[in-house]
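> pasting the structure only:
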């Protein structure tokens, strides 16, 4: 209802409305869950279902039941700046998960939280990947697919190549020739194996020399 005359809202799913019977400000708490759609579309300020809200992935459902608006259907960019497409917040999260940023921004994920950043801000431990169809991404240097596993810092790639790793995470050593991060323990094992091989060769030489000397000694003494 709205106004001094307590006029009923046009939408039967609307609990309160303002500025006209068709402008809903809060939806009723129903079994099938209706969400107050926000934004600047033609169906803004109406009560919609969850499936209707997320059609086109430009909006997401916010199940936070506030006193003012109840449950809402929000535009992705309202919660994540410059986000074009998203999914509803996961368990324990208050913001949606952005899946695609606007064309000039890059999707960055840190500890499960997504943001849209400028290309120039995708640096140090991240690198930019241009993708006009699926959306640009700002990936971690250590990304297991497009990056270098166990890489901590890197320089941007050229073309479709992988980034150039400049530093590895703790426990790994940078091999600049192969652009990989090698386990430090593996290096120690490799050195130990090499040392063992060297000792083995030296032992064979020493034993062979000793045997040769003894043979010569006894042969000479036998002739004497």
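Arrived safely, thanks for sending. These numbers were taken from a predicted model, which means no experiment stands behind them.
> least trustworthy helix or strand in the chain by mean pLDDT?
Every helix and strand of the chain was ranked by mean pLDDT, DSSP states H and E. The lowest is helix 184-223, at a mean of 62.
> what separates the closest residue to residue 14 other than its chain neighbours from residue 41, distance-wise?
Nearest-residue entry for residue 14: residue 24, 3.9 Å, with adjacent residues in sequence omitted and distances by Cβ to Cβ, 6 or more residues apart in numbering. The way it works is simple: take the backbone N, C-alpha and C, and place the C-beta from them, glycine included. As for residue 24, its distance to residue 41 is 14 Å (criterion: Cβ to Cβ, to the nearest Å).
> quick revisit: gap between the residue nearest to residue 14 and residue 67?
Between residue 24 and residue 67 the distance, using Cβ to Cβ, works out to 15 Å.
> quick one, which of these two is more surrounded?
Taking residue 24 and residue 67 together and counting by other Cβ atoms under 10 Å, residue 24 has the greater number of neighbours (27 against 6).
> can you list the weak-confidence ranges in this protein?
1-6, 19-22, 186-209, 211-214, 216-224 (pLDDT under 70).
> now the strand of greatest length in it, how far from the chain's geometric center?
Ranked by number of residues, the top strand in the chain under DSSP state E is strand 59-66. Taking Cα atoms, centre = their mean, to the nearest Å, one finds the center of strand 59-66 at 24 Å from the center of the full chain.
> can you list the strands that it pairs with?
strand 70-75 (antiparallel) (DSSP bridges).
> which residues does the strand it pairs with contact?
Contacts of strand 70-75 with the rest of the structure, by Cβ atoms under 8 Å, 6 or more residues apart in numbering, involve 15, 26-29, 33-39, 48, 53, 58-66, 96.
> same check on stretch 166-177?
Judged by Cβ under 8 Å, 6+ apart, the contacts made with stretch 166-177 from elsewhere in the structure are 142, 150-155, 165, 180-185, 187.
> at 10 Å what do you get?
Contacts made with stretch 166-177 from outside it, assessed by Cβ atoms under 10 Å, 6 or more residues apart in numbering, are listed as 124-125, 141-142, 148-155, 164-165, 180-187.
> follow-up on the earlier one: report the buried members of the contacts of strand 70-75.
The neighbour-count criterion (16 or more other Cβ atoms under 10 Å) marks 15, 26-27, 34-38, 48, 53, 58-62, 96 among the contacts of strand 70-75 as buried.
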